[in-house]
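**Student:** Here is my input, please return the structure:
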Amino acid sequence: MKRLFDAFAFDQERLTIRSGDRELSAVYVRASDDAPVFLICHGIGEQVEYWSGVQELLRTMDVSSLVFNYSGYGASSGRVSVAHCEEDAIAAYRELKDRGHQSIFLLGFSLGSGVVLAVAPGLKVDGVILCQGYSTLREAALAMGFRRWMTYAMPDVWHNFRQLNETTTPVLVVHSDGDQLFPVAMAKRVHEACGESGELIIVSGFAHDGPVYFPTETYWRPVVEWAERVSSRITVRELPSGD
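**Tutor:** The predicted structure follows:
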């Protein structure tokens, strides 16, 4: 963690986002004016500073990004709750719209995959990216070592299979075969639930948090290339037809 904080390069890009009566700490990194932007919903226990390397890498590939701390995380005020996480993601989305971004992708990493799928149906986005995600929150808890009876005591929220039925935008599922927390079989099931709108990318060798703590183009370049293809298809579809 000390290495990540020492390498943090975006003090000038920090901002505060209002979410209800709460204030969210965030980092906004802008690439070129017409670049797509990734709205990043991070994983459990993470903070915006951990994403500095990813944001720098995305900028070199001409992708803007915004990562924020959920309520109760890091310097964000308030308390952690399912409702607050979802409200916070919507507030971050509005921040990007206010800044004039037209091509927005929701990127959920681990825990964040449930957050983005919960809010995606109500937002106008070009696509949804699920990195190192899970099938349902209860199955995720089981994979993390909770006893089965304990998982049934949890609220049945962030049920990604169910949310995918309501998601109409293109979906990219990205997972590492080295993820020892959520098995790659879980990602394949999520991809199957996407139907024709989904695409699956399996990368090799990364531990669960590896793509964040040790970001490389091996993991993130295919994500960017997918977003570029989706944005191009949407742009062509929205162009007025000739006479």
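**Student:** after the helix or strand of the chain with the lowest mean pLDDT, next one along is what?
**Tutor:** In the chain, no helix or strand scores lower on mean pLDDT, DSSP states H and E than helix 148-152, which sits at a mean of 61. The helix or strand immediately downstream of helix 148-152 is helix 160-164, counting by DSSP states H and E.
**Student:** average pLDDT for that following helix?
**Tutor:** Per-residue pLDDT over helix 160-164 has a mean of 86.
**Student:** Buried residues in that helix, which are they?
**Tutor:** Residues 160, 163-164 are the ones in helix 160-164 that count as buried (16 or more other CB atoms under 10 Å). (C-beta placed from N, C-alpha, C; glycine too.)
**Student:** And the contacts of that helix?
**Tutor:** 113-114, 117-118, 120-121, 130, 133-136, 171, 189-190, 193-195, 198 (CB atoms under 8 Å, 6 or more residues apart in numbering).
**Student:** mind checking how far Cys131 is from Val115?
**Tutor:** With distances taken as CB to CB, to the nearest Å, Cys131 is found 12 Å from Val115.
**Student:** just checking, what packs against the longest helix along the chain?
**Tutor:** Assignment by DSSP state H gives helix 217-238 as the longest helix of the chain. With contacts defined as 3 or more CB pairs under 8 Å, 6 or more residues apart in numbering; DSSP states H and E, the packing partners of helix 217-238 are helix 52-60, strand 104-109, strand 127-131, strand 171-176, strand 198-203, helix 210-213.
**Student:** I'd like the ones you listed as CSV, with mean neighbour count appended.
**Tutor:** Shown next, in CSV, are the helices and strands packed on helix 217-238 (neighbours: other CB atoms under 10 Å):
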stretch, mean neighbour count
helix 52-60, 20
strand 104-109, 26
strand 127-131, 27
strand 171-176, 25
strand 198-203, 18
helix 210-213, 20
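**Student:** just so I know, which of these lies nearest Tyr70?
**Tutor:** strand 104-109 (12.0 Å; CB to CB).
**Student:** That's all I had, so thanks and see you.
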